[in-house]
Every structure is written in structure tokens, then in C-alpha cells.
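Asker: here's a sequence, model it:
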Amino acid sequence: MDVINKWVSKLSKSFVAKLWQGKRMQHILLAILFFVSVFSLLVFSLKPQKFDVSLGQRSPSDIFSPKDIEDRWETQKLREKALESVELIYSFDPGVHIEVKKDIEAFFQLVYRVRSYEDVEESDEIQEAEQVVEKPSLEEENPLNLTREDLQTALNEPLDKINYLETYIYEIIAQNMNTGIKVEDLQKSKNTMRQYILNIEEFNDDLKELGVSIINATIRPNMFFDIETTEQLRREAVESADRIIIKKGDKILREGDIVTYDRLELLRELAIVTDDNKIDIMLYLGIASIVLVIEILMIAYIYFFNRETFEKTDKLLMIWIIMIGTLIISKGVANISIYIMPVAVSAMLLSILIEPRLALLVNLCLTILISIITGNDIIFIVMAILGGTAGVFSVINTQQRAAIFLSGIVVSFINIATIIGIGFINSNEVIKVLMYGFYGVLNGLFCSILTVGTLPLWEYLFRVVTPLKLVELFNPNQPLLKKLLIDAPGTYHHSIIVGNLSESATDAVGGNSLLARVGAFYHDIGKIKRPYFFKENQLTSENPHDKLTPSLSSLIITGHVKDGMELAKKHKLPKEVMDFIEQHHGDTLVAYFYHKAKNSEHGENVDEQSFRYGGPKPQTKEIAIVMLADSVEAAVRSISSPTKDKIEKLIHKIIEDKLMDGQLEESDLTLKELDVIKKTFVKVMLGIFHERIEYPDTDIKELKGRKSYGVNN
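Answerer: Model (predicted):
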């Protein structure tokens with residue numbers, strides 16, 4: 001069973017190891033790690049404090065809104081108030097007045113006909129009238145359903161009074177109906193008209209009662225409720241009512257306030273009540289969206305514009321650690337002031353460690369993330385963007401760590417100028433703005449301290465070769481260079497000249513000249529092990545190779561590459577520098593000893609491959625240039641009487657031979673660049689091996705005389 005468990009454990013470890021070794025899987029895991037870590041940090045920073053409150057109790061402290069939210073209860077009150085303010089709409093029907101008038105007119109016409117008939121009945125022609133006209137009956141027809149007493153009044157009162165009553169009724173009805181009578185106001189209108197009738201002194205009580213009865217029987221509403229129009233106005237009023245929005249940071253409850261139902265429900269909606277397990281889905285979705293967008297933007301930029309970094313998982317991991325570290329530190333110092341948050345430190349570090357353009361993008365992304373945490377303060381956003389940008393530009397090509405403090409001062413100046421500028425535009429509180437400016441100065445200094453303090457850590461952990469590291473490496477006090485100077489002074493001098501040649505040529509073709517110089521300084525450190533087997537270190541005419549076979553001599557010569565790699569690993573030189581040691585000879589032929597072996601008695605059995613360096617060929621422009629500079633320096637130094645023409649021809653031949661031998665085919669050097677390199681080599685070598693002026697005898701004597709008296713030119 002133990003054997004099976006061990007086998008399963010070994011298999012799982014092997015599977016995990018292979019899984020991690022896959023570049024795509026590494027990228028996926030890093031992307032997940034970035035998203036989860038940044039998302040968690042933002043959730044932790046933005047998740048609001050919860051309060052233990054319940055209905056009817058007093059608030060334990062001031063409670064502020066963690067986000068913008070609509071106060072539905074206050075909004076509803078405004079809408080109800082808006083509804084109440086809308087008056088009911090009534091439509092006026094003029095036809096009702098006409099109908100009422102016709103009814104009254106018909107009644108009085110009937111009265112007049114009945115009374116007219118009675119007058120005819122009393123005349124002498126009664127028999128003839130009976131034959132012509134049928135006697136009308138007011139009680140039978142009675143269109144207004146009046147009482148018998150009212151009908152008797154209409155028949156018995158003087159005709160002129162009846163006429164006057166009719167006219168007055170028309171006037172009263174016209175006055176009331178022209179202004180409109182609503183259903184709910186009908187009785188009120190009847191009472192008003194009744195009072196008008198009763199106040200007429202010319203009428204006796206019977207006539208007044210008749211008039212009131214006629215009005216009550218005929219009057220009716222002529223203004224009707226317009227439901228459709230009223231509802232439309234109500235909808236418009238509700239829509240136009242302002243929504244009450246509680247802004248982020250607004251006070252919901254003061255300490256000691258009674259917690260009402262609407263305030264408690266509002267707190268529940270905000271998910272800040274301890275007894276409520278509600279999750280603020282909108283908050284999590286918002287954070288996830290912004291983190292995802294920033295991650296996609298960064299991945300796309302690195303993939304399309306910095307593919308070398310994209311292929312190196314350790315550098316991607318370093319970017320993540322720097323960003324997360326900056327977010328954590330910023331969160332920690334936020335309690336002092338948001339203007340101390342060292343956003344620019346990530347930009348400065350990445351500008352030195354990787355590439356300035358990527359540093360600018362990271363600075364922008366971090367500014368967005370931190371501004372979300374700090375509540376989108378406009379002064380902070382502008383300060384962080386401008387300060388980080390200034391930090392990136394100020395550390396480009398920095399070769400002294402002390403210069404980073406100067407970069408911190410530049411960031412401080414940008415910070416205080418930004419804070420004061422925007423602060424004075426938006427506020428008249430001078431003291432407050434100046435205090436923020438002081439924090440901005442501290443921010444810049446804080447960034448420089450963090451950059452200088454952590455830079456060696458990043459260089460060591462992720463083996464990043466920065467310009468600062470390169471400057472330290474070509475310091476003569478470095479142990480390897482010191483040993484090279486003491487044990488192999490000729491090689492040391494050779495390396496210095498090769499470094500000068502390489503630096504000038506690399507700079508001319510737009511390469512990393514500082515890296516080329518340092519690589520040239522260390523490319524021959526393997527010669528420390530057997531210095532006197534190399535011509536530049538032989539102080540006498542005796543050559544140890546004269547006592548060795550060509551194959552053994554070739555083995556010793558080519559072995560300085562292996563010896564150099566061992567020394568480099570022992571002294572933990574960066575891989576970028578070790579590549580110069582391993583590749584600066586490529587797989588070139590040790591021609592002298594090869595031809596010496598070919599000319600020996602067993603020359604026909606000589607294998608050319610055994611007289612070649614082990615390679616690989618130079619993989620970068622810088623290493624290829626050091627290879628050429630190495631050969632050029634050694635060859636030109638061997639010329640007995642160097643002239644410009646000789647140097648030019650020799651350099652041209654060396655470059656052509658390396659090109660024809662295929663040593664430069666993996667270095668991406670173009671023919672145009674090779675021509676520039678050749679011209680640069682010629683210029684530098686002419687400066688080293690310039691022709692001396694031959695002084696006349698008299699001048700020589702004069703110079704000697706001056707020296708004897710301690711006189712110098």
C-alpha cells in the first residue's frame with residue numbers, strides 16, 4: 001500500500017510539474033492569480049462596515065451611505081405630493097345648458113297655453129273654441145313633475161309676474177351653468193340659486209317656491225370628470241417628480257436617531273445590517289468588471305508590444321507582486337492621507353526593471369484601481385498620473401542609485417504643483433490645500449525610498465539586470481575584475497579596449513551599449529585559470545604552447561569559455577552577462593592550431609570540429625558585436641606599423657570572415673548595421689593606435705632639457 005501511495009504521489013507531483021512547465025498554463029494561472037488577488041483587495045477595501053441596528057432602537061453611531069442609492073420612501077412621498085397637486089380635469093358640455101333652457105321654456109309655453117285657453121273659454125265664442133282647440137291640462141302634461149301647489153301658482157299668479165319669473169330663472173341658470181356645474185357641486189349650485197330666488201322682493205312666497213321648484217327640476221351638471229386627461233397629467237406629474245438620491249458619504253442616520261422602518265429597509269438594501277446576509281451583487285459585479293478590463297488591457301499591451309516580457313513568466317510574476325504590493329501599501333497609508341499613497345513607486349521600479357512604456361500603463365491602471373478605493377478624488381487621480389509619469393521619465397537610463405532620490409524630488413515637485421494647482425482652482429481653503437501639497441512632497445520621497453530600498457530585492461529574486469546593476473558590475477573593485485587585473489593583466493587591458501569598442505559600436509546601432517561594455521569586461525574571465533597560455537599575458541618570449549600538441553593547445557584555448565562559465569556561476573553573475581562568456585566565440589575555428597595540426601605528420605586525420613569552440617553562436621546584437629570587437633582588438637594589436645588603411649582592411653576582413661563563417665546569422669545584425677559597426681571600430685582603433693609625431697633632434701634635446709628642469713608642456 002505504501003508503494004502505491006508513493007507511486008501516486010510521485011505521479012501527481014510529476015503531473016503538476018509538467019502542468020506548470022507549460023507556458024500557456026503558467027499564463028492562465030498568473031491571470032487567475034492577478035484577478036483573484038486584485039478583486040479580493042478591492043472587495044476588502046470597498047466592502048462597507050455593517051451596523052447592529054433594529055427597528056425602533058437608537059442608532060449606535062452616525063451611519064453614512066457607502067454608495068449612491070435611491071431613497072424610495074422619500075421619492076414616493078414626493079410622488080404622492082405631486083399627485084395631490086394635480087387638479088381634477090373636467091370637460092364642459094355646452095349642450096346641457098341648451099337642454100335645460102328648452103325644458104324650462106317648454107314648461108312656461110305650456111303654462112301660457114293653458115292660461116290662454118282659459119281666457120278664450122270665458123269669451124262669447126266658447127262653443128266655437130271647443131270645436132277648434134282641445135283644452136290643455138297642465139296637471140296631466142306637467143313635464144317638470146311639479147307639485148299641484150306649484151302648478152296652481154303658475155296658473156293663478158299674474159301673467160306679468162310669471163313672465164318676470166321666467167326671465168329671472170333664465171338669468172340665474174345662465175350665470176351658474178356658464179361657469180360650469182360639477183356633479184359633486186350640483187346641490188351647492190341648487191342651494192345658491194334657491195337663495196337668489198328667495199331674495200327677490202317682487203315675488204311672493206308662492207312664486208318663489210315655484211321658481212325654486214323649476215330650477216331644482218331642470219338644473220343638472222354640465223361639467224364632467226375627464227378621467228383620461230387627469231390620469232395623463234398625473235402620470236406626467238409622477239414622472240417629473242425628482243428622485244431622492246442619497247449620495248455616497250451622505251448621512252443616513254445620526255447617532256441617537258430612532259431607526260424607522262424606511263431607514264432600516266434602506267440600510268438593508270445597502271447590505272450594511274449585521275443580521276442581514278444579503279450580498280451586494282452589484283458591488284461585486286462592478287469590481288469584477290473593472291479588474292477584468294484592466295487585466296485584459298495589460299495582457300494585450302504586453303502581448304503585442306512587449307512579447308519578450310510576455311514569454312518570461314518570472315517577469316510577469318514580478319509585475320503582479322509590485323502592483324499588489326503598491327496596492328497594499330497604499331491601503332495602509334490611506335488613513336494618514338490619500339496623497340501619500342505611493343502609486344509612482346511601481347512606475348519607477350518597472351521603468352528600471354522592465355520597460356518605461358509598460359511602467360506608464362501600470363501607473364495608469366494602478367491610479368484607476370486606487371482612485372476607486374479613495375472615492376475618485378480628482379486631485380489624487382491627476383497627481384498620481386502626472387507624478388507616476390514624471391517618475392518613469394526621471395529614472396530612464398539611471399546608472400546611479402543615488403540618482404533615484406533625485407527622481408523622488410522630481411515626483412515631489414510634480415505632486416505639489418498638481419495639488420496646489422487643482423486645489424486653488426476648486427477651493428479657497430489655502431491652509432488645507434498647502435497641507436495636501438506637503439503630503440504630495442512626502443509621497444515623492446516615500447516613492448524614492450521604496451524604489452531604492454526594494455530594487456536590489458527585485459534584481460536578486462528575479463535576476464533582472466538593470467543599468468544600475470551593470471554599472472556595479474564594471475566597477476574595478478568587483479572581485480572577478482580585480483582578480484583578472486592581478487592574474488591576467490594583459491587580458492584585463494584587452495577587455496577594457498574590447499569594452500570601449502563594443503560600447504561605441506552598440507550605441508551606433510541602437511543596442512544596449514552598457515550591457516555590451518559589461519559583457520566585454522567579463523567575456524574572457526576564464527583566462528584567469530591559465531593566464532600564461534594566452535599571448536597577451538606572456539611577458540617573455542617563451543610560449544608554453546611550443547611544448548604542447550596542437551590538439552591540447554586548442555583544448556586549453558577553447559577551455560577558457562568553460563572556465564569562465566564556472567567562475568561566473570560561482571560569483572553569481574547575471575545570465576545576460578554569462579551569455580557573453582559562453583557565446584562570444586560562437587563555434588569559430590581555432591585556426592592557428594588547426595593549421596598547425598594539419599601540417600603535422602598525421603595531418604590527414606585531423607578533425608576540424610575538435611578545433612572549434614563549443615558555441616552557441618551569438619544570440620543578440622550585443623554579443624555579436626563583442627565577438628567582432630574581440631577579434632578586431634587582437635588582430636589590430638598584432639599589426640607592426642598600424643595605419644588607417646591597414647586597420648580598415650583588417651577590420652573589413654575580420655567582419656567578412658565572421659559573416660561567411662555563419663557566426664552572425666543568429667544575432668539579427670543587418671548588413672547595414674555591420675557597415676556602421678565597421679566604421680565605428682575603425683574610428684575607435686585609430687584613436688588608440690594613432691601615428692606618433694617624429695620630433696627633430698633639436699626638439700628632442702629641448703624636451704629633455706625641460707624635463708631636467710621640471711618643466712612640462
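Asker: low-confidence ranges in this structure?
Answerer: By pLDDT under 70, the low-scoring segments of the chain are 1-21, 51-52, 118-139, 249, 272, 274-278, 540-541, 601-604, 690-713.
Asker: ok, longest helix in it?
Answerer: helix 430-461 (DSSP state H).
Asker: same for it, what does it pack against?
Answerer: With contacts taken as 3 or more C-beta pairs under 8 Å, 6 or more residues apart in numbering; DSSP states H and E, helix 430-461 sits against helix 313-333, helix 344-353, helix 378-395, helix 402-426, helix 467-473. All C-beta atoms are positioned from the backbone trio N, CA, C, and that covers glycine.
Asker: 7 Å instead, please
Answerer: Counting contacts by 3 or more C-beta pairs under 7 Å, 6 or more residues apart in numbering; DSSP states H and E, helix 430-461 packs against helix 344-353, helix 378-395, helix 402-426.
Asker: and these, which is most packed in?
Answerer: Comparing these by mean neighbour count (mean count of other C-beta atoms under 10 Å), helix 344-353 ranks first with a mean of 29.
Asker: what lies in contact with that one?
Answerer: For helix 344-353, contacts defined as C-beta atoms under 7 Å, 6 or more residues apart in numbering pick out 318-319, 322-323, 326, 358-360, 362-363, 366, 387-388, 391-392, 395-396, 398, 407, 411, 447, 450-451, 454-455, 458, 464, 466.
Asker: buried ones only from these, please, as a ChimeraX command.
Answerer: In ChimeraX, this line selects whichever of those come out buried by 16 or more other C-beta atoms under 10 Å:
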select :318,319,322,323,326,358,359,360,362,363,366,387,388,391,392,395,398,407,411,447,450,451,455,458,464,466
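Asker: please enumerate the strands of the stretch 151-300 of the chain.
Answerer: Remark: strands assigned in the stretch 151-300 of the chain by DSSP state E, counting those that start in this stretch are 223-225, 245-246, 251-253.
Asker: mind giving me the domain split of the chain?
Answerer: What automatic domain parsing lists as the domains of the chain is 90-225, 302-464, 470-688.
Asker: start to end distance for the first one?
Answerer: Start to finish, the residues bounding domain 90-225 are 4 Å apart (C-alpha to C-alpha, to the nearest Å).
Asker: how near is residue 568 to residue 503?
Answerer: Separation of residue 568 from residue 503 (C-beta to C-beta, to the nearest Å): 20 Å.
Asker: repeat for residue 218
Answerer: Applying C-beta to C-beta, the value for residue 218 to residue 503 is 118 Å.
Asker: so these two - more neighbours on which side?
Answerer: With neighbours defined as other C-beta atoms under 10 Å, residue 218 and residue 503 compare such that residue 503 has more, 26 against 20.
Asker: hmm, the more buried one is touching residue 518, no?
Answerer: No: if you go by C-beta atoms under 7 Å, residue 503 and residue 518 don't touch, sitting 9.3 Å apart.
Asker: list the helices and strands the helix or strand that contains residue 110 packs on?
Answerer: Following DSSP states H and E, one finds residue 110 within helix 94-121. Secondary-structure packing of helix 94-121 (3+ C-beta pairs under 7 Å, 6+ apart): helix 138-141, helix 148-156, helix 159-179, helix 205-218.
Asker: could you check how far residue 623 is from residue 146?
Answerer: Relative to residue 146, residue 623 is positioned 126 Å away (C-beta to C-beta).
Asker: swap in residue 33?
Answerer: Noted for residue 33: a distance of 99 Å to residue 146, by C-beta to C-beta.
Asker: ok, those two, which is more surrounded?
Answerer: Shown here are residue 33 and residue 146; by other C-beta under 10 Å, residue 146 has more neighbours (21 against 14).
Asker: find the nearest non-adjacent residue to the more buried one, please.
Answerer: Spatial nearest neighbour of residue 146, chain neighbours left out: residue 213 (5.3 Å); criterion: C-beta to C-beta, 6 or more residues apart in numbering.
Asker: thought the one you found was touching residue 151?
Answerer: No: Residue 213 is not in contact with residue 151 according to C-beta under 7 Å; the separation is 9.7 Å.
Asker: hang on, the earlier thing: run a quick neighbour tally on the residue nearest to residue 146.
Answerer: Each residue near residue 213 was counted by other C-beta under 10 Å, and the total is 21.
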